[in-house]
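Student: next comes the sequence, and after it the predicted model I'd like to discuss.
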Amino acid sequence: MSSRFAVLALGTLLSACIPMGAREPSQATKASAKKVAQRKVDAPPADETLTLKKGAKRTLTVTGLSRVALGDPTIANVETKGADVVELSGLAPGVTTLITWDAAGKRRTYRIEVGG
């Protein structure tokens, strides 16, 4: 009896998870989703372009450095060295984006181009 109850309870729970009247998204919904997805992929415009060779390193000084973000860690590597220094290393040919923030929240964007 308890196994029947468990099966019925599970069936009820599962059926509650199925949306009623589910249908294909409209063209407007698909277009809107595509725009949102595209915005997430697009990188912010670069304040500066840095060119490195594979295996090369470059040091940046960012006064009051508080945060760092790197777009593609397979192309470049970034490490903080002290309070105001960022070391960038070229790993593989390609293009990525580096963003730094200072203590006041000011953001600076770099386009990183790594050549072979």
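Tutor: That came in fine, so what should we check first?

Student: what sits up against the helix or strand hosting Ser89?
Tutor: Ser89 is part of strand 85-90 when elements are defined by DSSP states H and E. By Cβ atoms under 8 Å, 6 or more residues apart in numbering, the surrounding residues in contact with strand 85-90 are 50, 52-62, 65, 68, 75-81, 98, 100, 112, 114-115. All C-beta spots, glycine's among them, are computed from the backbone N, C-alpha and C.

Student: repeat that with 6 Å
Tutor: Residues from elsewhere that reach strand 85-90 (Cβ atoms under 6 Å, 6 or more residues apart in numbering): 52-54, 56-62, 76-81, 114.

Student: and that strand, which strands flank it?
Tutor: When sheet partners are counted by DSSP bridges, strand 85-90 sits next to strand 57-61 (antiparallel), strand 76-80 (antiparallel).

Student: Throw these into JSON lines and include mean neighbour count, thanks.
Tutor: Output for those, formatted as JSON lines (neighbours: other Cβ atoms under 10 Å):
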{"stretch": "strand 57-61", "mean neighbour count": "13"}
{"stretch": "strand 76-80", "mean neighbour count": "16"}
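
Student: a markdown table for those, including distance to Ala104 and mean pLDDT?
Tutor: As requested, the strands paired with strand 85-90 are exported to a markdown table (distance: least, Cβ to Cβ, whole Å; pLDDT from 0 to 100):
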| stretch | distance to Ala104 | mean pLDDT |
| --- | --- | --- |
| strand 57-61 | 16 | 94 |
| strand 76-80 | 18 | 95 |
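
Student: just send those strands back as JSON lines, with distance to Ala46 too.
Tutor: Converted to JSON lines, those look like this (distance: least, Cβ to Cβ, whole Å):
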{"stretch": "strand 57-61", "distance to Ala46": "13"}
{"stretch": "strand 76-80", "distance to Ala46": "14"}
